[in-house]
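Trainee: Got a sequence here, can you build the structure:
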Amino acid sequence: MAREVAAAIAAEPLVRSPALRQLLVYLAKRYPERESAPTTEYAIAQDVLQKGAGFDPSSDPVVRMRVRRLRAALDQIYADRGTAQRLVIPPRSYDLELAPGNETGEKTGARRPPARRGLAALAAVFAVALVALGFGWGWLEKPQPAGYPLVRVLPIENLTGDPAKDIFQRGLQRQLASDLQRFSILRAYASGDEDESDADFTLKGQILAFDEDIDLTFSVEAGMGGTVIYSGRVQDKVMGGDYFAAISEITAQISGRIASRGGGLREDADAVAEIREALLAQDGITPDVFRCVVLEDRFFADYQPARFTEAFECFEPLLPRMQDYAFAMSSWGTLIQHSVPEFDMMRTEGLPERMRHTAPEALALAQSIADRFPYSSEAFLLLGSVESAMGRFEQADVTLRQAARLNPGDATTRAVLSYLVLAQDDFDPAIAQAEEAIALSANPPGYIFLPIVIAALAEEDAPRAMEAARDYLARRGGPETAPMRLILARLEGDDEAVRRLSPQVAAMERPLAGFSRYVQGPSACSALDRVLPEAQLACPATP
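Mentor: All right, here's what the predicted structure looks like:
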């Protein structure tokens, strides 16, 4: 039973339907009790659909409809598949049973219900057509793994009171779906008003104004109209009457706040991954790659070796089956980059030998991923990050700008560009790129604020440096933050904190671990040396 349930959950008809997966798991758990206590319509309403005590099956057919859909999905799964056994829900029953399957894989006499073409299949059809025509919409070339969350984007509601603005509803909707899909961490599609397909999340929006100014609100709900897990508002000017450019910029902002690292879905994605893992673990099946991506996100919260090891060991056994997915491979390459001791991005001395890598190894891997996935912003982001860490600034600039072009909504690309220009003592662009990264993040990670601190110190803008330092410390904790706390104490004139923190920082082996590589210009180095002499920086001479 467990093997058949796990296989059914991973099959296309159930991949897109969290509701049907939930019902199947519930019925599978009740399988041992089915003879002594048959499953009832009322039990499903209470236990699965969370209906109240007043639920009346005679007037509300929701349970019968849900079971009918699950029965049809199981018929579809087994229609062309050879198997010794299959799952069935017999007529006039709500219990799951095992029945003899069709071992030859030939179609049975059962009528196969018409199936809506899945997102992955649709993406593949478009990809083939585009390649045949000589074009390339890269983010459609490789459909995302089935375990990744599915986002349904509804038409954007026009609340301006002007019917002429209705023309923007579908354009905004489709552009949002396209921008979300570029992140490769989820699957997204533009839904019709009456679309009843299941989704993990639903994105809604309202146009409040669309003239010289654009005012747009949006929200992301769990499932098909459940709890709101993130909401936001975007306001912007329409420059030169170019509405298309305005739409593109706004949807990039919204998609970034939702899907980029630090985005509104990343934390909830953890819960989705745990659900997915629990379903697959019933029969000992390895969790989906998506779970490893979530673990990598956790590592970037504090750069702790233990979190790195957890993510590394999650990805490691999955490498053979994730070769065709750009995001998964780029995530793996990012872990490899952080395991290079000379990059000084984390403490690597305690890692096992197999987890430590050299700079040439990281570069070769990043180049191979970018070569294989020329449509992937994540692949170019990885390569640009490695090039920047190796001091190849000109190459990194070209590579990272390609990543930004492929996905304008990715906050991480802007953050890495900020570090890149900071390393070249170019402070205003460093601050601008960091602030853009912050604007694209629902919950900006601490590392995004570091370039602002250093650039503001170099420009002798103490108020801005203090504000960014506080933002950094609000998102990071632990002894590694002592240097930043000491910088802030000196800027604030807190002598007591300076006396307490100064010997602590002086005793640290590498006070600036994680970002000293990006303080290479004489101006930034001198500014940092003034507020943190304990680091004993060897600054180059000012030209």
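Trainee: ok, the closest residue in space to Gly478 that isn't next to it in sequence - contacts?
Mentor: Counting by CB to CB, 6 or more residues apart in numbering, Asp302 is the residue found nearest to Gly478 once chain neighbours are left out, at 6.5 Å. Where you see a C-beta, it was placed from the backbone N, CA and C, and this is true even at glycine. Taking CB atoms under 8 Å, 6 or more residues apart in numbering as the criterion, Asp302 is in contact with 476-478, 480.
Trainee: Out of those, which is nearest to Glu492?
Mentor: Taking CB to CB as the measure, Arg476 is the one of the contacts of Asp302 closest to Glu492, at 18.0 Å.
Trainee: Identify the farthest-apart pair in the contacts of Asp302.
Mentor: Every pair of those checked by CB to CB; the farthest is Gly477 and Glu480, at 8.6 Å.
Trainee: between these two, which one's more packed in?
Mentor: Glu480 (18 against 11; other CB atoms under 10 Å).
Trainee: ok, Pro445 - contacts?
Mentor: Counted by CB under 8 Å, 6+ apart, Pro445 has contacts 261-262, 300-301, 415, 475.
Trainee: Including secondary structure, could those go into TSV?
Mentor: Listed next are the contacts of Pro445 as TSV, based on DSSP: H, G, I helix; E, B strand; the rest coil:
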residue	secondary structure
Arg261	coil
Gly262	coil
Phe300	helix
Ala301	helix
Ala415	helix
Arg475	helix
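Trainee: Show me what the strand or helix carrying Thr217 packs onto, helices and strands only.
Mentor: Here Thr217 is covered by strand 213-222, with elements defined by DSSP states H and E. Under the contact criterion of 3 or more CB pairs under 8 Å, 6 or more residues apart in numbering; DSSP states H and E, strand 213-222 touches strand 201-210, strand 228-237, helix 243-259, helix 264-280.
Trainee: can you tell me the average pLDDT over stretch 495-512?
Mentor: Averaging pLDDT along stretch 495-512 yields 92.
Trainee: Name the residues that touch it?
Mentor: 344, 479, 482-483, 485-486, 489-490, 516, 519, 528, 532, 534-535, 537.
Trainee: May I have the helix or strand harbouring Thr399 as PDB, with CA atoms only?
Mentor: In this structure, Thr399 sits in helix 393-406 according to DSSP H and E. Backbone C-alpha positions of helix 393-406 (Å, rounded to 0.1, in the frame of the first residue of the first chain) are rendered in PDB as follows:
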ATOM      1  CA  PHE A 393      35.800  41.900 -11.700                       C
ATOM      2  CA  GLU A 394      35.400  42.700 -15.400                       C
ATOM      3  CA  GLN A 395      34.200  39.200 -16.300                       C
ATOM      4  CA  ALA A 396      32.000  39.200 -13.200                       C
ATOM      5  CA  ASP A 397      30.400  42.500 -14.200                       C
ATOM      6  CA  VAL A 398      29.400  41.100 -17.600                       C
ATOM      7  CA  THR A 399      28.100  37.900 -16.200                       C
ATOM      8  CA  LEU A 400      26.100  39.400 -13.400                       C
ATOM      9  CA  ARG A 401      24.400  41.900 -15.700                       C
ATOM     10  CA  GLN A 402      23.400  39.000 -17.900                       C
ATOM     11  CA  ALA A 403      21.800  37.400 -14.800                       C
ATOM     12  CA  ALA A 404      20.000  40.600 -14.000                       C
ATOM     13  CA  ARG A 405      18.700  40.800 -17.600                       C
ATOM     14  CA  LEU A 406      17.400  37.300 -17.500                       C
END
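Trainee: roughly how far out does that helix sit from the chain middle?
Mentor: 21 Å (CA atoms, centre = their mean, to the nearest Å).
Trainee: and that helix, what does it pack onto?
Mentor: For helix 393-406, the packing partners by 3+ CB pairs under 8 Å, 6+ apart are helix 377-389, helix 411-422.
Trainee: Now do stretch 296-312: distance from first to last residue.
Mentor: 8 Å (CA to CA, to the nearest Å).
Trainee: Quick one: mean pLDDT for that stretch?
Mentor: 86.
Trainee: Could you do stretch 533-543 as well?
Mentor: In the prediction, stretch 533-543 has an average pLDDT of 77.
Trainee: Check stretch 320-334 too.
Mentor: pLDDT averaged over stretch 320-334 gives 86.
Trainee: going forward can the numbers begin at 43, since that is how I track them
Mentor: Done: numbering now begins at 43, and the last item shifts to stretch 362-376.
Trainee: buried ones in that stretch?
Mentor: 364, 367-376 (16 or more other CB atoms under 10 Å).
Trainee: closest to Phe252 among these?
Mentor: Nearest to Phe252 out of the buried residues of stretch 362-376 is Phe369 (CB to CB; 33.1 Å).
Trainee: Check the closest residue to that closest one other than its chain neighbours and give its pLDDT.
Mentor: Spatial nearest neighbour of Phe369, chain neighbours left out: Ser226 (3.6 Å); criterion: CB to CB, 6+ apart. Here, the pLDDT recorded for Ser226 equals 78.
Trainee: Let's have the contacts of Asp344 in a markdown table, adding distance to Met266, pLDDT and secondary structure.
Mentor: A markdown table is the format used below for the contacts of Asp344 (distance: CB to CB, whole Å; pLDDT from 0 to 100; DSSP: H, G, I helix; E, B strand; the rest coil):
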| residue | distance to Met266 | pLDDT | secondary structure |
| --- | --- | --- | --- |
| Arg518 | 37 | 83 | coil |
| Gly519 | 37 | 77 | coil |
| Gly520 | 40 | 78 | coil |
| Glu522 | 42 | 83 | helix |
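Trainee: before we move on, what SS does Ser226 have?
Mentor: Relying on three-state DSSP, one would call Ser226 coil.
Trainee: looking at it, it is touching Leu423, isn't it?
Mentor: No - counting by CB atoms under 8 Å, Ser226 stays clear of Leu423, with 11.2 Å between them.
Trainee: which neighbours do the two share?
Mentor: By CB under 8 Å, 6+ apart, no residue touches both Ser226 and Leu423.
Trainee: returning to what we had before: for the residue nearest to Gly520, give its distance to Val130.
Mentor: 49 Å (CB to CB, to the nearest Å).
Trainee: With Ala479 instead?
Mentor: 52 Å.
Trainee: likewise Leu218?
Mentor: Distance from Leu218 to Val130, by CB to CB: 40 Å.
Trainee: So between those two, which is more surrounded?
Mentor: A direct count of neighbours by other CB under 10 Å for Leu218 and Val130 places Leu218 higher, at 27 against 18.
Trainee: Could I get the full set of strands for this structure?
Mentor: Applying DSSP state E to the chain gives strands spanning 127-130, 139-142, 192-195, 199-200, 229-232, 243-252, 255-264, 270-279.
Trainee: and Arg414, what does it touch?
Mentor: Arg414 neighbours (CB under 8 Å, 6+ apart): 368, 371, 421.
Trainee: need the helices and strands packed on helix 435-448 in JSON lines with distance to Leu250 and mean pLDDT, can you?
Mentor: Converted to JSON lines, the helices and strands packed on helix 435-448 look like this (distance: least, CB to CB, whole Å; pLDDT from 0 to 100):
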{"stretch": "helix 419-431", "distance to Leu250": "30", "mean pLDDT": "93"}
{"stretch": "helix 453-464", "distance to Leu250": "25", "mean pLDDT": "92"}
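Trainee: Output those helices in a markdown table; the columns should cover mean neighbour count.
Mentor: Output for the helices and strands packed on helix 435-448, formatted as a markdown table (neighbours: other CB atoms under 10 Å):
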| stretch | mean neighbour count |
| --- | --- |
| helix 419-431 | 27 |
| helix 453-464 | 27 |
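Trainee: Put together JSON lines for these, with distance to Leu337 on each row.
Mentor: JSON lines is the format used below for those (distance: least, CB to CB, whole Å):
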{"stretch": "helix 419-431", "distance to Leu337": "16"}
{"stretch": "helix 453-464", "distance to Leu337": "17"}
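Trainee: Would you mind giving the domain segments of the chain?
Mentor: Recorded structural domains for the chain (assignment: automatic domain parsing) are 44-142, 158-184, 188-301, 316-450, 467-585.
Trainee: where in the protein is pLDDT low?
Mentor: 57-58, 100-101, 122-123, 145-190, 235-239, 281-283, 308-330, 556, 583-585 (pLDDT under 70).
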